[in-house]
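Colleague: What follows is a protein structure lacking sequence information:
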């Protein structure tokens, strides 16, 4: 960490899983992206070359392995080898040093031997392979111990959402993916308190001289990643919406299309945060829940109902 005129600079790298905004706007804000589209289909090498050429020189790509590797062929060495080689080529063109393998919840701990054989025999060259295990079966203490032993032996960093579960092994690279804490995955916006908690969790890895990656993968990932980066640099947060109270609500809810029924607004916007005049953050769902269950013509009609119901003051 360095300090200059009260600004704190961390080596923690912050970005998003995919581009939630235009590439040009993204490059103005972040120096890192996890390329997610490679999970669904293999891009042409000419396209990958274009991505690398158009990105800033020091911009960093990490890459998510295609689903053939993790989901279709399930890390079977005799099946997934060719798909893995295709991913390595994409990484070389992008000058990416980290390749993420994310296995589904159906890939259970009894398949750990398959994963070990695959990761041991696949030539990594200068790539760092990181592995995100999914599903509650991987969270068992005994399973975590076995996973730790395997990953340590293979030097494969474990990828987790640190607000839900800490990794069993990192050493050299700590790679975190934030998926949200709501009932529905991805439909979430992090509060200031949660982002401070995240900061407290990941900062110790930086002190271990590790490369620390923090990638947001929720619907408000661009805003949340921007706020988290701001926190790391300045030790405080920017405004959520640039306004407070009813104006904050108007800004947050004015982006949707009207007319809109209350239940649709709850689904589309209920997980978003607004800021009250006392600095308190509250989810839009809390403001909408006691309003009449009807279709609203515009955001001003919603604000009038909120005033009438005194849900803000």
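Modeller: Arrived safely, thanks for sending. Bear in mind the structure is a predicted one, so any value in this text is a computation, not a measurement. Numbering: from 1, shown residues only.

Colleague: going forward, measure contacts between C-alpha atoms and count neighbours the same way
Modeller: Noted.

Colleague: mind listing what's buried in stretch 266-277?
Modeller: Buried residues in stretch 266-277, defined by neighbour count with 16 or more other C-alpha atoms under 10 Å: 266, 269-276.

Colleague: Quote the end-to-end distance of it.
Modeller: From its first residue to its last, stretch 266-277 covers 23 Å (C-alpha to C-alpha, to the nearest Å).

Colleague: Surely residue 34 is in contact with residue 20?
Modeller: No. Between residue 34 and residue 20 there is no contact under C-alpha atoms under 8 Å: 11.4 Å.

Colleague: Among these two, which residue is more densely surrounded?
Modeller: Higher neighbour count among residue 34 and residue 20: residue 34, with 26 against 16, using other C-alpha atoms under 10 Å.

Colleague: That one looks like it's in a strand, true?
Modeller: Yes. The assignment for residue 34 is a strand, going by DSSP: H, G, I helix; E, B strand; the rest coil.

Colleague: for it, what are its contacts?
Modeller: Contacts for residue 34 (C-alpha atoms under 8 Å, 6 or more residues apart in numbering) come out as 15-18, 61-64, 215.

Colleague: Please apply the same query to residue 38.
Modeller: Contacts of residue 38 (C-alpha under 8 Å, 6+ apart): 63-66.

Colleague: Which of these ranks first by neighbour count?
Modeller: Going by other C-alpha under 10 Å, residue 65 tops the contacts of residue 38 with 29 neighbours.

Colleague: so it sits right up against residue 103, yeah?
Modeller: No. Counting by C-alpha under 8 Å, residue 65 stays clear of residue 103, with 9.9 Å between them.

Colleague: Please tell me I have it right and residue 187 contacts residue 271.
Modeller: Yes. Residue 187 lies in contact with residue 271 (C-alpha under 8 Å); the separation is 6.3 Å.

Colleague: low pLDDT regions in the stretch 101-250 of the chain?
Modeller: 209 (pLDDT under 70).

Colleague: Start from the N-terminal end of it and give the helices.
Modeller: 112-121, 141-154, 192-207, 221-234, 245-253 (DSSP state H, counting those that start in this stretch).

Colleague: In the chain, where's the longest helix?
Modeller: When the chain is parsed with DSSP state H, its longest helix is helix 77-94.

Colleague: Not counting its own residues, what contacts it?
Modeller: 45, 48-49, 51-52, 61-63, 65-66, 68-69, 73-74, 97-99, 114, 117-118, 121-122.

Colleague: Mark which of the residues you listed are part of helices, please.
Modeller: 45, 48-49, 51-52, 114, 117-118, 121.

Colleague: from those, which would you call buried?
Modeller: Counted by 16+ other C-alpha under 10 Å, the ones in helices among the contacts of helix 77-94 give 48, 52, 118 as buried.

Colleague: Compile those into JSON lines and extend it with columns for distance to residue 253.
Modeller: What follows is those, written out as JSON lines (distance: C-alpha to C-alpha, whole Å):
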{"residue": "48", "distance to residue 253": "37"}
{"residue": "52", "distance to residue 253": "36"}
{"residue": "118", "distance to residue 253": "48"}
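
Colleague: Out of those residues, which comes closest to residue 107?
Modeller: Set against residue 107, the nearest of these by C-alpha to C-alpha is residue 118 (13.9 Å).

Colleague: since we're on the closest residue to residue 115 other than its chain neighbours, how many residues are nearby?
Modeller: Nearest residue to residue 115 in three dimensions, chain neighbours excluded: residue 75, at 5.6 Å (C-alpha to C-alpha, 6 or more residues apart in numbering). Residue 75 has 26 neighbours, counted by other C-alpha under 10 Å.
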